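# my questions are about this predicted structure, shown below with the sequence.
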Number of protein chains: 2
Amino acid sequence: MSKLVECVPNFSEGRNVEIIESIVDEVRKVEGVKLLDYSSDKDHNRSVVTFLGVPDEVEKAAFNLIRRAAELIDMRKHRGAHPRMGATDVVPFIPIKDVTTEECVEISQRLGKKVGDELRIPVYLYEDAASCAERKNLANIRKGQYEGFFEKIKQPEWKPDFGPDEINVKSGATVIGARFPLVAYNINLGTDDVEVANAIARKIRYIGGGLRYVKAVGVKVTERNIVQVSMNLVNYEKTPIYAAQEMVKMEAKRYGVPVVGSEVIGLVPMKALIDCAEYYLQIENFNMSQVLESRISG
Amino acid sequence: MSKLVECVPNFSEGRNVEIIESIVDEVRKVEGVKLLDYSSDKDHNRSVVTFLGVPDEVEKAAFNLIRRAAELIDMRKHRGAHPRMGATDVVPFIPIKDVTTEECVEISQRLGKKVGDELRIPVYLYEDAASCAERKNLANIRKGQYEGFFEKIKQPEWKPDFGPDEINVKSGATVIGARFPLVAYNINLGTDDVEVANAIARKIRYIGGGLRYVKAVGVKVTERNIVQVSMNLVNYEKTPIYAAQEMVKMEAKRYGVPVVGSEVIGLVPMKALIDCAEYYLQIENFNMSQVLESRISG
């Protein structure tokens, strides 16, 4: 079976279609990589690209994209609503199939060194690739943005992980790292009282004493006159979807409120759903290679 | 997304490795087709091949396999324990992904005509491709076997769907058709009383008034001192796994017997499990294209 890594680079151009297409083309050009999606925001003046493929090719496509963005984007002229520090702002690698987080950390390190050495852009590693606790969080690294980095980079605690010890005036600095795939999952409740959704969200999320890898808020779904516990599951292997589901049901009971449905937003790894089938069907010793479709990509 | 069809031909050679390999090679040689498995039984003197791929290529591989088997196998000399009527005995096409049963019926008809015209082998269509009710069931067509077909084929009701109106003396006759993928699913019960498993099996299976696409028997699992409801789910879309699961639980209640686990035997289509996740998580409006892995094979 072939390994699959996802990469979701954000770059600082969301208005000039020619530049955007030229940067995205770097992904299209690499064989063994599939462009899943890309979208641009004019106000943010920023684009997000999603692509998937075998690790080596994904790493190659990411480097080519960063190099192209460095050629075509000039941070001295960049204005936009979204915080940013570089032409290529942030590049997360996400393990999808038969790949560990550690392998994605290694990709981040290798790519970071290459970007630093060859493109002379300072690189910070973040999330699971972070070299210290202060660099785990993207917002923490990015604070001060491009304009603030001329000074920030001189502080010993903000010495880059790779590349020059000063900002690249044209390209800024870039954040690279590894994180687990995020599952956006919402549970609909049979009530119009958003306070019930909020109370449940507070109990099930990590910061409220709930599940380790759940972020949650209560949301009103006005057009259906119901409310929703809206969640980000940031590690579906350690905190599976079924665990979130059952915990929401458990808390909803105290209000006599039923779960009336749920929704998966956007893409979801096959294993995140099959883990739920395994749980509810009580399947013993299931192996993902029993899934017919997993055989064809080998 | 690419369409996927599975094909599981059975041919009448299970002893001569050279012949077996030469026939299986016809599948290996076709690009866009993946050989998943093949196995031979010496007593039956018969081999089963499983392969998967895009419809056109699967059809091509199936024809090449039938042609090769017709060259290398002589039914006049074939002896084996398993009932059989041809060098290639039976060729089912199974819709796996983004393919309808109707498309598999069309493949069967096209292939049947080609085998009949070009190889001069009489062909019968069966299961969902059957031209009349009497030909749906393989055993019914095959009754009398190779030896009996010299006479059987002359009866008007057994005129072949394609090819000559007399048996091919060297190659016999071949059955081709379309059927839904079968899911082999067993549910373990917390008792050592096989009569409980039998009673549940009788209530949940089609012939006992149960679910339309469930075949079931009770089985003892001696090494664990438990029993099992052993099922074949012959249409997981119309009778999903979760329906079988919940119906077994419902019947088990009257004996106060718990479901202690389950097992999926062999390969299973991704959708059969994801349908269960959808049911138990109450997911609304899920689309299979949201599964990340489904994007890579497009």
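That came through fine.

# stretch A:221-235: end-to-end distance?
26 Å (C-alpha to C-alpha, to the nearest Å).

# I figured A:V268 hits B:Q290, correct?
Yes - between A:V268 and B:Q290 there is a contact under C-beta atoms under 8 Å: 5.7 Å. Bear in mind the C-beta positions are built from the backbone N, C-alpha and C, glycine included.

# more neighbours: these two, which one.
A:V268 (25 against 17; other C-beta atoms under 10 Å in any protein chain shown).

# what residues are up against that one?
A:183, B:290-292 (C-beta atoms under 8 Å, 6 or more residues apart in numbering or on different chains).

# which strand residues bridge it?
Applying DSSP bridges to A:V268 yields these beta-bridge partners: B:V291.

# can you give me the pLDDT of it?
Note for A:V268: predicted pLDDT of 93.

# any idea how far it is from B:K271?
14 Å (C-beta to C-beta, to the nearest Å).

# what do you get for A:T101?
Taking C-beta to C-beta, one finds A:T101 at 28 Å from B:K271.

# of the two, who's got more company?
Between A:T101 and B:K271, counting by other C-beta under 10 Å, B:K271 is the more crowded of the two (21 against 18).

# for the residue of chain A positioned farthest from its centre, give me the pLDDT.
The C-alpha centroid of chain A is most remote from A:G256, which lies 35.4 Å away (C-alpha atoms, centre = their mean). Per-residue pLDDT puts A:G256 at 97.

# quick check on it: phi, psi?
Backbone geometry at A:G256, expressed as degrees, to the nearest 10, gives phi 60, psi 30.

# helices of the stretch 101-250 of chain A, start to end?
A:101-119, A:138-142, A:145-152, A:194-204, A:241-252 (DSSP state H, counting those that start in this stretch).

# show residues contacting the second one.
With contacts defined as C-beta under 8 Å, 6+ apart, helix A:138-142 is touched by A:83-85, A:89-90, A:124, A:126-127, A:134-135, A:175.

# what is the most widely separated pair among these?
Pairwise distances across these (C-beta to C-beta) peak at 19.5 Å, for the pair A:R84 and A:E134.

# and those two? Which one has more around it.
Legend: neighbour count by other C-beta under 10 Å for A:R84 and A:E134, higher for A:R84 (22 against 11).

# how about the nearest residue to that one, chain neighbours excluded?
Using C-beta to C-beta, 6 or more residues apart in numbering or on different chains and skipping the chain neighbours, the partner closest in space to A:R84 is A:S12 (5.0 Å).

# next: A:L211.
The nearest residue in space to A:L211 (C-beta to C-beta, 6+ apart) is A:T239, at 4.7 Å.

# tell me the residues of the stretch 151-298 of chain A that contact chain B?
A:181, A:188, A:241-242, A:245, A:259-264, A:266-270, A:273-274, A:276-278, A:280-286, A:290-298 (C-beta under 8 Å from any C-beta of the partner chain).

# these in strands, which ones?
A:188, A:259-264 (DSSP state E).

# are any of those buried, and if so which?
A:188, A:259, A:261-264 (16 or more other C-beta atoms under 10 Å in any protein chain shown).

# returning to that earlier point: report the two of the contacts of A:V268 separated the most.
For the contacts of A:V268, and using C-beta to C-beta, no pair is farther apart than A:V183 and B:V291, which are 11.7 Å apart.

# overlap in contacts of the two?
A:268-269.

# ramachandran coordinates for A:E21?
phi -60, psi -40.

# what count of nearby residues applies to the residue lying closest to A:T174 once chain neighbours are set aside?
Leaving aside its chain neighbours, A:T174 sits nearest to A:G86 (4.4 Å; criterion: C-beta to C-beta, 6+ apart). When neighbours are counted by other C-beta under 10 Å, A:G86 registers 33.

# can you pull out the low-pLDDT segments for chain A?
Along chain A, the model assigns pLDDT under 70 to residues A:1, A:296-298.

# could you pick out the residues of the stretch 1-150 of chain A near chain B for me?
A:4, A:6, A:34, A:36, A:52-53, A:96-97.

# widest-spaced pair of those residues?
A:L36 and A:K97 (14.0 Å).

# mind giving me the domain split of chain A?
Residue ranges for the domains of chain A, per automatic domain parsing: A:4-178, A:183-269.

# returning to what we had before: give the contact list for the residue farthest from the centre of chain A.
With C-beta under 8 Å, 6+ apart, A:G256 has no contacts at all.

# what of A:Y38?
A:20, A:24, A:47-50.

# mind running it again at 7 Å?
A:24, A:47-50 (C-beta atoms under 7 Å, 6 or more residues apart in numbering or on different chains).

# which of these fall within strands?
Reading strands off those with DSSP E, I get A:47-50.

# format those residues as JSON lines; extra columns: neighbour count.
Output for these, formatted as JSON lines (neighbours: other C-beta atoms under 10 Å in any protein chain shown):
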{"residue": "A:S47", "neighbour count": "22"}
{"residue": "A:V48", "neighbour count": "17"}
{"residue": "A:V49", "neighbour count": "25"}
{"residue": "A:T50", "neighbour count": "20"}
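
# pretty sure A:F150 is touching A:I167, no?
Yes - if you go by C-beta atoms under 7 Å, A:F150 and A:I167 touch, sitting 5.6 Å apart.

# more neighbours, the two?
Applying other C-beta under 10 Å to A:F150 and A:I167 shows that A:I167 carries more neighbours, namely 25 against 13.

# and the gap between the closest residue to that one other than its chain neighbours and chain B?
Using C-beta to C-beta, 6+ apart and skipping residues adjacent in sequence, the residue nearest A:I167 is A:F149, 4.8 Å away. Between A:F149 and chain B the distance, using C-beta to the nearest C-beta, to the nearest Å, works out to 34 Å.

# give the contact list for A:F149.
A:F149 sits in contact with A:85, A:167, A:172-173, where contact means C-beta under 7 Å, 6+ apart.

# and the residues you listed, which two are furthest apart?
Pairwise across those, and taking C-beta to C-beta, the largest span is found between A:M85 and A:I167, at 8.6 Å.

# what lines up beside the helix or strand containing A:D37 in the sheet?
Using DSSP states H and E, A:D37 maps to strand A:33-41. Strand pairing for strand A:33-41, using DSSP bridges, gives strand A:46-53 (antiparallel).

# contacts for the strand it pairs with?
For strand A:46-53, contacts defined as C-beta under 7 Å, 6+ apart pick out A:4-14, A:20, A:24, A:27, A:32-40, A:58, A:61, A:80, A:82, A:84, A:96, B:295-296.

# I'd guessed A:V99 sits against A:S2; true?
No - taking contacts as C-beta under 7 Å, A:V99 lies outside contact range of A:S2: 10.0 Å.

# so what does the helix or strand hosting A:E18 touch, helix or strand wise?
According to DSSP H and E, A:E18 maps onto helix A:17-28. Secondary-structure packing of helix A:17-28 (3 or more C-beta pairs under 7 Å, 6 or more residues apart in numbering or on different chains; DSSP states H and E): strand A:33-41, strand A:46-53, helix A:55-72.

# apply 10 Å and report the result again.
strand A:10-11, strand A:33-41, strand A:46-53, helix A:55-72 (3 or more C-beta pairs under 10 Å, 6 or more residues apart in numbering or on different chains; DSSP states H and E).

# reformat the ones you listed as TSV; add distance to A:Q145.
Below are the helices and strands packed on helix A:17-28 laid out as TSV (distance: least, C-beta to C-beta, whole Å):
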stretch	distance to A:Q145
strand A:10-11	14
strand A:33-41	17
strand A:46-53	12
helix A:55-72	17
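
# any idea which of those is most buried?
strand A:10-11 (a mean of 25; mean count of other C-beta atoms under 10 Å in any protein chain shown).

# who touches both of A:V268 and B:Q290?
B:274, B:283 (C-beta atoms under 10 Å, 6 or more residues apart in numbering or on different chains).

# hmm, back to that, can you put the residues of the stretch 1-150 of chain A next to chain B in a markdown table and add distance to B:E157?
Formatted as a markdown table, the residues of the stretch 1-150 of chain A next to chain B follow (distance: C-beta to C-beta, whole Å):
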| residue | distance to B:E157 |
| --- | --- |
| A:L4 | 53 |
| A:E6 | 58 |
| A:K34 | 52 |
| A:L36 | 54 |
| A:L52 | 54 |
| A:G53 | 55 |
| A:I96 | 54 |
| A:K97 | 52 |
